[in-house]
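>>> how does the following fold in three dimensions:
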Amino acid sequence: NLKPMEGLPVFGRQVNSRISVYFQEEDLKEYIGQVNDLQMAQITKDASYMDVVERALYNTLLSGIAQDGKSFFYVNPLEVWPDNCIDRTSKEHVKPVRQKWFGVACCPPNIARTLASMGQYIYFTDKNTAYVNLYISNEAQIELEEGALKIQIESDLTNTGHIRMAITPDGEGEHRLALRIPDYVKTYTIKRDGKILRNARISQSYLLIEDIKEQTEIEIDFEVPAKFVRANPNVREDAGKVALVKGPLVYCLEETDNGENLPSIFVNTKQELKETFESELLGGVTTIRFTGKKLNMDTWQDGALYD
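Numbers count the residues shown, from 1 in each chain. The predicted structure follows:
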């Protein structure tokens, strides 16, 4: 139950969370995800550890590198005020845009190393069971004690929640698949060769598919609606604030869409959220729209602190 400490890439009490000053360096996030949560999931076979890994991979690691792979963030605060990122202040290490390089450049190669080792995050094994942790499109040959499984995944998790898997066993033996049910999924349907699985055994949020002896098709539909989430009331800095999430993604409110002074925006969290898939944006993403109110600065006297 540790969270980042203020101004340093270290950890402290869980309820300490000043989003404008707490950050993690990209290489430390990779280390924590790989060495701690990944290994704990392998040891305990508890999928909740992979919930943490998935959230970090999607929302901190990937945001640390540009789509073209040529610029990077070194630190990633949860909230950035661009005008406050001033040299010779406590925020001089925070950059509102990704940088081409850094004087001490340990983070960019660690991002590349993590992305290159993604296979160990997606799968791990135990005897004749292949554990599927992350629903990322891929093809893999998973070696088990008795033979192997060839697995192909086509995933649209972050948009529709639909995933297709083709499993081809190689060798004798009773192979087994363990599918992680993410913590944000409350309703789902899983089909095996076109038939809905109704009473499959679930162990620590892994759904077990037994006796895979021939080519098998798995179809998964996770319900991943956009929604607002709140922090524990003891997280004082987050009182009166909400985050917008969809599946493993935590969405970001940006000035390019909503103008300056984002903390002046208020939203009714009871309203319906409108999701739209935009194929031309960032290679194809789901955007989320909702209405809100913003404090009016037009009538404020220039330079006045109070009225």
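>>> check which helix or strand covers the spatially most central residue of the chain.
Against the mean C-alpha coordinate of the chain, by CA atoms, centre = their mean, the closest residue is residue 55 at 2.8 Å. If you go by DSSP states H and E, residue 55 is part of helix 48-56.
>>> other SSEs contacting the helix or strand that comes right after that helix?
Counting by DSSP H and E, the next helix or strand C-terminal to helix 48-56 is helix 107-116. If you count contacts as 3 or more CB pairs under 8 Å, 6 or more residues apart in numbering; DSSP states H and E, helix 107-116 packs onto helix 26-31. Placement of C-beta: from N, CA and C, glycine included.
>>> list the buried ones in the helix holding residue 55?
49, 50, 51, 52, 53, 54, 55, 56 (16 or more other CB atoms under 10 Å).
>>> quick one: that helix to helix 107-116, angle?
Calculated by axes from the mean of the first three to the mean of the last three CA atoms, to 10 degrees, helix 48-56 forms an angle of 130 degrees with helix 107-116.
>>> quick check: pLDDT value at residue 28.
If you check residue 28, the pLDDT there is 53.
>>> residues near residue 110, how many?
Applying other CB atoms under 10 Å, we find 20 residues neighbouring residue 110.
>>> for residue 63, what are its contacts?
73, 76 (CB atoms under 8 Å, 6 or more residues apart in numbering).
>>> start the count at 238, not 1, going forward
Okay, residue one is now 238; in that scheme the one you just asked about reads as residue 300.
>>> number of residues surrounding the closest residue to residue 355 other than its chain neighbours?
In space, and not counting its chain neighbours, residue 355 is closest to residue 373: 7.0 Å by CB to CB, 6 or more residues apart in numbering. Taking other CB under 10 Å as the criterion, the count of residues near residue 373 is 18.
>>> do the same with the one 10 residues further on
By the other CB under 10 Å criterion, the neighbourhood of residue 383 contains 12 residues.
>>> before we move on, what about residue 473?
By other CB under 10 Å, neighbour count at residue 473 equals 12.
>>> what about it, distance to residue 331?
For residue 473, the distance to residue 331 equals 22 Å [CB to CB, to the nearest Å].
>>> same question, residue 353
Taken as CB to CB, the span from residue 353 to residue 331 is 27 Å.
>>> so the residue nearest to residue 355 touches residue 359, yeah?
Yes. The pair residue 373 / residue 359 is scored as a contact, 5.8 Å apart, by CB atoms under 8 Å.
>>> what mean pLDDT does stretch 472-491 have?
Computed over stretch 472-491, the average pLDDT equals 93.
>>> kindly check the end-to-end length of that stretch for me.
Using CA to CA, to the nearest Å, the end-to-end distance of stretch 472-491 comes to 23 Å.
>>> that one: which residues count as buried?
So, applying 16+ other CB under 10 Å, buried residues of stretch 472-491: 472, 474, 475, 480, 481, 482, 483, 484, 485, 486, 487.
>>> widest-spaced pair of those residues?
Of all pairs drawn from the buried residues of stretch 472-491, the one with the longest distance (CB to CB) is 474 and 484, at 25.4 Å.
>>> stretch 518-527: which residues count as buried?
Using 16+ other CB under 10 Å as the test for burial, stretch 518-527 gives 522, 523, 525.
>>> of those residues, which belong to strands?
Secondary structure from DSSP state E places 522, 523, 525 of the buried residues of stretch 518-527 in strands.
>>> how about those residues in a markdown table, adding distance to residue 492?
Putting these into a markdown table (distance: CB to CB, whole Å) gives the following:
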| residue | distance to residue 492 |
| --- | --- |
| 522 | 18 |
| 523 | 21 |
| 525 | 17 |
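>>> what's the closest of these to residue 315?
residue 525 (18.1 Å).
>>> next one: the closest one from residue 465, what distance?
10 Å.
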